[in-house]
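Q: give the three-dimensional model of this entry:
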Amino acid sequence: MSVRLKLTASYAGFLVVAGVLLIAVVWVFLLRYVPDRAGTVVELGPPADGNRPGLFVPGRSDLWRAFAPKAALALGFLLVFGLVGGWLLSSRMLAPLDRITRATRTAATGSLTHRIHLPGRRDEFRELADAFDAMLEKLEAHVAEERRFAANASHELRTPLAITQALLDVARDDPDRDVGVLLDRLRTVNTRAIGLTEALLLLSRAGQGSFARERVDLSLLAEDAAETLLPLAEKRGTTLETSGDVTWAVGSQALLLQLTTNLVHNAVVHNLPEGGSVHVTTTADHGSAVLVVENTGERLAPGLVATLAEPFQRGTERVHGDQAGVGLGLAIVQSIARAHGGTLTLSPRVDGGLRVVVRLPGAPAAEDR
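A: Numbers count the residues shown, from 1 in each chain. Below is the predicted model of the structure:
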(Lines give C-alpha, C1' and ligand atoms only; values in the text may rest on other atoms or scores of the structure.)
Protein backbone atom coordinates (compact mmCIF):
# COMPACT_ATOMS: atom_id res chain seq x y z
CA MET A 1 0.00 0.00 0.00
CA SER A 2 1.17 3.49 -0.81
CA VAL A 3 1.42 6.16 1.83
CA ARG A 4 -1.52 7.99 0.28
CA LEU A 5 -3.69 4.89 0.47
CA LYS A 6 -2.60 4.23 4.05
CA LEU A 7 -3.47 7.79 5.06
CA THR A 8 -6.86 7.51 3.33
CA ALA A 9 -7.66 4.25 5.12
CA SER A 10 -6.53 5.80 8.40
CA TYR A 11 -8.76 8.85 7.98
CA ALA A 12 -11.77 6.70 7.08
CA GLY A 13 -11.06 4.27 9.90
CA PHE A 14 -10.84 7.07 12.44
CA LEU A 15 -14.21 8.46 11.32
CA VAL A 16 -15.90 5.05 11.51
CA VAL A 17 -14.39 4.33 14.93
CA ALA A 18 -15.56 7.73 16.14
CA GLY A 19 -19.09 6.94 14.92
CA VAL A 20 -19.09 3.54 16.62
CA LEU A 21 -17.90 5.15 19.84
CA LEU A 22 -20.72 7.72 19.60
CA ILE A 23 -23.30 4.95 19.17
CA ALA A 24 -21.77 3.09 22.10
CA VAL A 25 -22.05 6.22 24.23
CA VAL A 26 -25.75 6.53 23.29
CA TRP A 27 -26.33 2.88 24.18
CA VAL A 28 -24.46 2.96 27.47
CA PHE A 29 -25.52 6.31 28.82
CA LEU A 30 -29.01 6.69 27.33
CA LEU A 31 -30.70 3.47 26.24
CA ARG A 32 -29.87 1.61 29.42
CA TYR A 33 -32.30 3.82 31.30
CA VAL A 34 -35.17 2.78 28.99
CA PRO A 35 -37.28 -0.20 30.12
CA ASP A 36 -36.80 -3.43 28.28
CA ARG A 37 -40.48 -3.73 27.35
CA ALA A 38 -42.92 -1.20 25.94
CA GLY A 39 -45.74 0.09 28.11
CA THR A 40 -48.63 2.53 28.41
CA VAL A 41 -48.78 5.43 30.83
CA VAL A 42 -52.29 6.32 31.99
CA GLU A 43 -53.04 9.85 33.13
CA LEU A 44 -54.39 10.23 36.65
CA GLY A 45 -57.42 12.30 37.48
CA PRO A 46 -60.92 12.45 35.95
CA PRO A 47 -60.86 12.59 32.18
CA ALA A 48 -62.39 15.60 30.53
CA ASP A 49 -64.46 13.58 28.04
CA GLY A 50 -64.97 10.43 30.07
CA ASN A 51 -62.21 8.45 28.35
CA ARG A 52 -58.79 7.63 29.80
CA PRO A 53 -56.35 7.58 26.88
CA GLY A 54 -52.92 6.04 27.57
CA LEU A 55 -49.47 7.29 26.44
CA PHE A 56 -47.42 4.61 24.64
CA VAL A 57 -43.82 4.31 25.88
CA PRO A 58 -41.52 2.29 23.56
CA GLY A 59 -39.10 -0.21 25.04
CA ARG A 60 -35.39 -0.51 24.56
CA SER A 61 -35.76 -2.97 21.69
CA ASP A 62 -38.22 -0.69 19.93
CA LEU A 63 -35.83 2.23 20.14
CA TRP A 64 -32.94 0.14 18.93
CA ARG A 65 -34.89 -1.17 15.91
CA ALA A 66 -35.70 2.40 14.96
CA PHE A 67 -32.19 3.71 15.67
CA ALA A 68 -30.02 0.90 14.26
CA PRO A 69 -30.78 1.43 10.50
CA LYS A 70 -30.17 5.14 10.80
CA ALA A 71 -26.91 4.50 12.65
CA ALA A 72 -25.81 2.03 9.97
CA LEU A 73 -26.54 4.58 7.25
CA ALA A 74 -24.58 7.21 9.20
CA LEU A 75 -21.62 4.85 9.57
CA GLY A 76 -21.73 4.09 5.85
CA PHE A 77 -21.79 7.78 5.06
CA LEU A 78 -18.84 8.36 7.40
CA LEU A 79 -16.93 5.56 5.68
CA VAL A 80 -17.51 6.96 2.19
CA PHE A 81 -16.86 10.51 3.36
CA GLY A 82 -13.68 9.39 5.10
CA LEU A 83 -12.40 7.58 2.01
CA VAL A 84 -13.11 10.43 -0.42
CA GLY A 85 -12.06 13.19 1.94
CA GLY A 86 -9.03 11.25 3.12
CA TRP A 87 -7.90 10.66 -0.47
CA LEU A 88 -8.22 14.34 -1.35
CA LEU A 89 -6.66 15.49 1.90
CA SER A 90 -3.74 13.05 1.66
CA SER A 91 -3.15 14.10 -1.95
CA ARG A 92 -2.86 17.72 -0.89
CA MET A 93 -0.73 16.88 2.13
CA LEU A 94 1.69 14.75 0.09
CA ALA A 95 2.00 17.16 -2.83
CA PRO A 96 5.21 18.74 -1.41
CA LEU A 97 6.66 15.26 -0.97
CA ASP A 98 5.96 14.50 -4.64
CA ARG A 99 7.79 17.70 -5.57
CA ILE A 100 10.77 16.70 -3.42
CA THR A 101 10.75 13.23 -4.99
CA ARG A 102 10.87 14.69 -8.51
CA ALA A 103 13.76 16.92 -7.48
CA THR A 104 15.58 13.90 -6.05
CA ARG A 105 15.17 11.97 -9.29
CA THR A 106 16.40 14.98 -11.24
CA ALA A 107 19.48 15.20 -9.02
CA ALA A 108 20.05 11.46 -9.44
CA THR A 109 20.49 11.99 -13.18
CA GLY A 110 23.42 14.32 -12.48
CA SER A 111 21.61 17.67 -12.69
CA LEU A 112 22.65 19.35 -9.43
CA THR A 113 21.53 22.84 -10.45
CA HIS A 114 17.83 22.09 -9.86
CA ARG A 115 16.29 23.48 -6.66
CA ILE A 116 12.90 22.80 -5.07
CA HIS A 117 12.13 26.28 -3.70
CA LEU A 118 9.02 24.97 -1.95
CA PRO A 119 6.54 27.85 -1.31
CA GLY A 120 4.13 28.18 1.56
CA ARG A 121 4.38 28.31 5.31
CA ARG A 122 7.34 26.85 7.14
CA ASP A 123 6.33 23.34 8.18
CA GLU A 124 8.04 19.95 8.21
CA PHE A 125 7.91 19.62 4.41
CA ARG A 126 9.26 23.14 3.94
CA GLU A 127 12.15 22.41 6.29
CA LEU A 128 12.85 19.17 4.44
CA ALA A 129 12.83 20.96 1.07
CA ASP A 130 15.10 23.74 2.33
CA ALA A 131 17.51 21.19 3.79
CA PHE A 132 17.50 19.31 0.48
CA ASP A 133 18.20 22.52 -1.44
CA ALA A 134 21.09 23.32 0.91
CA MET A 135 22.44 19.80 0.42
CA LEU A 136 22.21 20.14 -3.38
CA GLU A 137 24.02 23.47 -3.21
CA LYS A 138 26.86 22.04 -1.15
CA LEU A 139 27.00 18.93 -3.32
CA GLU A 140 27.16 21.03 -6.48
CA ALA A 141 29.99 23.12 -5.05
CA HIS A 142 31.80 19.98 -3.88
CA VAL A 143 31.50 18.27 -7.25
CA ALA A 144 32.72 21.41 -9.03
CA GLU A 145 35.64 21.62 -6.63
CA GLU A 146 36.47 17.96 -7.13
CA ARG A 147 36.40 18.34 -10.90
CA ARG A 148 38.59 21.43 -10.73
CA PHE A 149 40.92 19.65 -8.33
CA ALA A 150 41.16 16.59 -10.58
CA ALA A 151 41.92 18.77 -13.61
CA ASN A 152 44.58 20.73 -11.73
CA ALA A 153 46.10 17.58 -10.24
CA SER A 154 46.29 15.95 -13.66
CA HIS A 155 47.96 19.04 -15.04
CA GLU A 156 50.45 19.25 -12.17
CA LEU A 157 51.32 15.54 -12.39
CA ARG A 158 51.61 15.71 -16.15
CA THR A 159 54.23 18.47 -15.95
CA PRO A 160 57.04 16.44 -14.28
CA LEU A 161 56.25 13.46 -16.47
CA ALA A 162 56.49 15.62 -19.59
CA ILE A 163 59.79 17.10 -18.37
CA THR A 164 61.16 13.61 -17.70
CA GLN A 165 60.10 12.49 -21.16
CA ALA A 166 61.78 15.51 -22.73
CA LEU A 167 65.04 14.91 -20.81
CA LEU A 168 65.09 11.27 -21.84
CA ASP A 169 64.45 12.19 -25.50
CA VAL A 170 67.30 14.70 -25.41
CA ALA A 171 69.63 12.13 -23.83
CA ARG A 172 68.72 9.57 -26.49
CA ASP A 173 69.34 12.02 -29.33
CA ASP A 174 72.59 13.30 -27.79
CA PRO A 175 74.70 10.35 -26.56
CA ASP A 176 77.57 12.68 -25.63
CA ARG A 177 75.47 14.66 -23.16
CA ASP A 178 76.74 14.77 -19.57
CA VAL A 179 75.00 11.91 -17.76
CA GLY A 180 75.58 13.45 -14.33
CA VAL A 181 73.70 16.64 -15.19
CA LEU A 182 70.87 14.59 -16.70
CA LEU A 183 70.58 12.44 -13.57
CA ASP A 184 70.55 15.50 -11.33
CA ARG A 185 67.73 17.09 -13.28
CA LEU A 186 65.80 13.82 -13.38
CA ARG A 187 66.25 13.47 -9.63
CA THR A 188 64.94 17.01 -9.07
CA VAL A 189 61.90 16.41 -11.25
CA ASN A 190 61.23 13.03 -9.62
CA THR A 191 61.53 14.52 -6.13
CA ARG A 192 59.00 17.17 -7.03
CA ALA A 193 56.59 14.56 -8.39
CA ILE A 194 56.94 12.49 -5.20
CA GLY A 195 56.30 15.58 -3.09
CA LEU A 196 53.18 16.38 -5.09
CA THR A 197 51.89 12.83 -4.73
CA GLU A 198 52.48 12.82 -0.98
CA ALA A 199 50.71 16.17 -0.70
CA LEU A 200 47.70 14.80 -2.59
CA LEU A 201 47.56 11.75 -0.32
CA LEU A 202 47.79 13.93 2.78
CA LEU A 203 45.04 16.17 1.46
CA SER A 204 42.81 13.15 0.86
CA ARG A 205 43.52 11.74 4.33
CA ALA A 206 42.76 15.04 6.03
CA GLY A 207 39.51 15.41 4.11
CA GLN A 208 38.24 12.01 5.24
CA GLY A 209 38.66 12.87 8.93
CA SER A 210 39.64 9.29 9.82
CA PHE A 211 42.22 9.82 12.54
CA ALA A 212 42.55 9.41 16.29
CA ARG A 213 42.04 12.49 18.44
CA GLU A 214 44.05 13.45 21.49
CA ARG A 215 45.08 16.53 23.48
CA VAL A 216 47.75 18.47 21.59
CA ASP A 217 49.70 21.54 22.69
CA LEU A 218 49.85 23.93 19.73
CA SER A 219 52.68 25.92 21.31
CA LEU A 220 54.94 22.85 21.21
CA LEU A 221 53.99 22.17 17.60
CA ALA A 222 54.82 25.76 16.70
CA GLU A 223 58.23 25.44 18.35
CA ASP A 224 58.91 22.14 16.55
CA ALA A 225 57.95 23.63 13.18
CA ALA A 226 60.07 26.73 13.81
CA GLU A 227 63.06 24.63 14.83
CA THR A 228 62.73 22.46 11.73
CA LEU A 229 62.48 25.44 9.36
CA LEU A 230 65.03 27.65 11.11
CA PRO A 231 67.89 26.68 8.70
CA LEU A 232 65.69 27.63 5.74
CA ALA A 233 64.78 30.94 7.39
CA GLU A 234 68.44 31.73 8.12
CA LYS A 235 69.39 30.85 4.56
CA ARG A 236 66.82 33.32 3.24
CA GLY A 237 67.69 35.98 5.82
CA THR A 238 64.27 35.77 7.50
CA THR A 239 63.69 36.22 11.23
CA LEU A 240 61.55 33.46 12.70
CA GLU A 241 59.93 34.01 16.11
CA THR A 242 57.42 32.03 18.17
CA SER A 243 55.49 33.17 21.22
CA GLY A 244 52.39 32.36 23.21
CA ASP A 245 51.17 30.37 26.15
CA VAL A 246 50.40 26.69 26.37
CA THR A 247 47.44 26.14 24.04
CA TRP A 248 45.61 22.83 24.17
CA ALA A 249 43.63 21.57 21.19
CA VAL A 250 41.90 18.29 20.33
CA GLY A 251 43.00 16.41 17.23
CA SER A 252 45.72 14.44 15.52
CA GLN A 253 49.20 15.51 16.55
CA ALA A 254 50.70 14.44 13.21
CA LEU A 255 48.14 16.34 11.13
CA LEU A 256 48.28 19.45 13.32
CA LEU A 257 52.09 19.39 13.10
CA GLN A 258 51.76 19.20 9.32
CA LEU A 259 49.32 22.13 9.45
CA THR A 260 51.75 24.23 11.51
CA THR A 261 54.75 23.27 9.39
CA ASN A 262 52.94 24.16 6.18
CA LEU A 263 51.98 27.57 7.53
CA VAL A 264 55.46 28.40 8.78
CA HIS A 265 57.09 27.09 5.58
CA ASN A 266 54.67 29.13 3.46
CA ALA A 267 55.41 32.23 5.57
CA VAL A 268 59.18 31.78 5.21
CA VAL A 269 59.19 31.04 1.50
CA HIS A 270 56.67 33.70 0.46
CA ASN A 271 58.48 36.58 2.14
CA LEU A 272 60.81 39.44 1.34
CA PRO A 273 64.04 38.49 -0.44
CA GLU A 274 66.03 39.73 2.55
CA GLY A 275 65.21 41.10 5.98
CA GLY A 276 61.81 39.48 6.23
CA SER A 277 60.19 38.18 9.40
CA VAL A 278 57.73 35.51 10.51
CA HIS A 279 55.80 35.63 13.80
CA VAL A 280 54.01 32.53 15.14
CA THR A 281 51.64 32.99 18.09
CA THR A 282 49.43 30.53 19.96
CA THR A 283 46.64 31.56 22.33
CA ALA A 284 43.59 30.07 24.03
CA ASP A 285 40.48 32.14 23.38
CA HIS A 286 37.05 31.29 24.86
CA GLY A 287 37.34 27.55 24.53
CA SER A 288 39.21 27.65 21.22
CA ALA A 289 42.85 27.10 20.38
CA VAL A 290 44.14 29.82 18.06
CA LEU A 291 47.28 29.65 15.93
CA VAL A 292 48.36 32.89 14.20
CA VAL A 293 51.15 33.07 11.60
CA GLU A 294 52.13 36.47 10.19
CA ASN A 295 54.86 37.25 7.70
CA THR A 296 56.18 40.22 5.79
CA GLY A 297 56.17 40.37 2.03
CA GLU A 298 54.53 41.98 -0.92
CA ARG A 299 51.16 43.64 -0.61
CA LEU A 300 48.41 41.23 -1.58
CA ALA A 301 45.04 42.13 -3.02
CA PRO A 302 42.02 40.87 -1.02
CA GLY A 303 40.68 39.08 -4.09
CA LEU A 304 43.92 37.14 -4.45
CA VAL A 305 44.04 36.27 -0.75
CA ALA A 306 40.53 34.77 -0.97
CA THR A 307 41.78 32.18 -3.50
CA LEU A 308 45.04 31.18 -1.81
CA ALA A 309 43.47 28.24 0.04
CA GLU A 310 42.25 26.64 -3.18
CA PRO A 311 44.32 23.73 -4.47
CA PHE A 312 47.20 24.61 -6.84
CA GLN A 313 46.79 28.34 -6.24
CA ARG A 314 50.03 30.27 -5.67
CA GLY A 315 50.15 33.78 -4.32
CA THR A 316 53.17 34.94 -6.29
CA GLU A 317 55.57 33.68 -8.90
CA ARG A 318 58.71 34.76 -7.06
CA VAL A 319 59.57 31.35 -5.57
CA HIS A 320 61.91 29.27 -7.68
CA GLY A 321 64.32 26.46 -7.26
CA ASP A 322 64.07 23.74 -4.65
CA GLN A 323 61.64 25.71 -2.52
CA ALA A 324 58.98 26.00 -5.23
CA GLY A 325 55.73 24.66 -3.88
CA VAL A 326 53.08 22.59 -5.56
CA GLY A 327 50.23 24.91 -4.58
CA LEU A 328 48.76 22.61 -1.94
CA GLY A 329 50.18 24.08 1.28
CA LEU A 330 47.23 26.23 2.32
CA ALA A 331 44.76 23.79 0.78
CA ILE A 332 46.10 21.08 3.09
CA VAL A 333 45.94 23.49 6.03
CA GLN A 334 42.31 24.28 5.30
CA SER A 335 41.42 20.61 4.88
CA ILE A 336 43.09 19.68 8.19
CA ALA A 337 41.39 22.57 9.99
CA ARG A 338 37.96 21.56 8.66
CA ALA A 339 38.56 17.92 9.58
CA HIS A 340 39.21 19.08 13.17
CA GLY A 341 36.08 21.23 13.25
CA GLY A 342 38.10 24.44 12.93
CA THR A 343 38.38 27.37 10.57
CA LEU A 344 41.10 29.01 8.47
CA THR A 345 41.08 32.78 7.96
CA LEU A 346 43.41 34.61 5.56
CA SER A 347 43.81 38.37 5.52
CA PRO A 348 46.40 40.68 3.91
CA ARG A 349 48.57 42.82 6.16
CA VAL A 350 48.55 46.57 5.63
CA ASP A 351 52.36 46.72 5.35
CA GLY A 352 52.50 43.69 3.09
CA GLY A 353 52.47 39.98 3.72
CA LEU A 354 49.79 37.67 5.01
CA ARG A 355 48.08 36.97 8.33
CA VAL A 356 46.79 33.44 8.80
CA VAL A 357 44.53 32.51 11.72
CA VAL A 358 43.62 28.91 12.49
CA ARG A 359 40.94 28.42 15.14
CA LEU A 360 40.48 24.89 16.50
CA PRO A 361 38.28 23.39 19.23
CA GLY A 362 40.14 23.79 22.50
CA ALA A 363 40.78 21.19 25.18
CA PRO A 364 40.83 21.80 28.94
CA ALA A 365 44.21 22.14 30.59
CA ALA A 366 45.56 19.20 32.57
CA GLU A 367 44.68 20.79 35.93
CA ASP A 368 41.11 21.51 34.77
CA ARG A 369 40.23 18.02 33.59
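Q: when you work out contacts or count neighbours from here on, use the C-alpha atoms and nothing else.
A: OK.
Q: from the opening residue of stretch 338-358 to its closing one, how far?
A: Stretch 338-358 has an end-to-end distance of 10 Å (criterion: CA to CA, to the nearest Å).
Q: ok now it, how far from the chain's centre?
A: Centroid separation for stretch 338-358 versus its chain: 22 Å, with CA atoms, centre = their mean, to the nearest Å.
Q: what does that stretch rub up against?
A: Residues outside stretch 338-358 that contact it (CA atoms under 8 Å, 6 or more residues apart in numbering) are 206-209, 250-251, 263, 267, 271, 290-302, 305-306, 333-334, 337, 359-361.
Q: do the same with stretch 100-120
A: Stretch 100-120 is contacted from outside by 96, 99, 126, 129-130, 133, 136-137, 139-140, using CA under 8 Å, 6+ apart.
Q: make it 6 Å
A: 133, 140 (CA atoms under 6 Å, 6 or more residues apart in numbering).
Q: what comes up buried for that stretch?
A: Within stretch 100-120, the residues that count as buried by 16 or more other CA atoms under 10 Å are 100, 103-104, 107, 112, 115-116, 118.
Q: about what we covered before: weed out the non-buried ones from the contacts of stretch 338-358.
A: Among these, those buried by neighbour count (16+ other CA under 10 Å) are 206-207, 250-251, 263, 267, 271, 290-298, 300, 305, 333-334, 337, 359-361.
Q: how about residue 243: what's its closest non-neighbour residue?
A: Among residues not flanking residue 243 along the chain, residue 281 sits closest, at 5.0 Å (CA to CA, 6 or more residues apart in numbering).
Q: let me fix that: residue 357
A: Distances taken as CA to CA, 6+ apart put residue 292 closest to residue 357, at 4.6 Å, once the chain neighbours are dropped.
Q: name the SS class of that neighbour, please.
A: strand (DSSP: H, G, I helix; E, B strand; the rest coil).
Q: okay, and the beta partners of it?
A: Per DSSP bridges, the residues bridged to residue 292 are residue 281, residue 357.
Q: ok, now which ones touch it?
A: Contacts of residue 292 by CA under 6 Å, 6+ apart are 280-281, 356-357.
Q: make JSON lines from these and add distance to residue 162 and neighbour count to it.
A: Output for the contacts of residue 292, formatted as JSON lines (distance: CA to CA, whole Å; neighbours: other CA atoms under 10 Å):
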{"residue": "280", "distance to residue 162": "39", "neighbour count": "24"}
{"residue": "281", "distance to residue 162": "42", "neighbour count": "18"}
{"residue": "356", "distance to residue 162": "35", "neighbour count": "20"}
{"residue": "357", "distance to residue 162": "38", "neighbour count": "19"}
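Q: closest to residue 88 out of those?
A: Nearest to residue 88, judged by CA to CA, of those is residue 357 at 57.3 Å.
Q: returning to what we had before: the buried ones among the contacts of stretch 338-358 in strands, which ones?
A: Judged by DSSP state E, the subset of the buried ones among the contacts of stretch 338-358 located in strands is 250-251, 290-295, 359-361.
Q: which of those scores worst on pLDDT?
A: Ranked by pLDDT, those bottom out at residue 251, which scores 87.
Q: show me what that one is bridged to.
A: residue 214.
Q: where do the strands sit along the stretch 1-150 of the chain?
A: For the stretch 1-150 of the chain, applying DSSP state E, counting those that start in this stretch gives strands covering 39-42, 54-57.
Q: related to what we said a few turns ago, which single one of the contacts of residue 292 is nearest to residue 246?
A: Checking the contacts of residue 292 against residue 246 with CA to CA, the nearest one is residue 281 at 10.5 Å.
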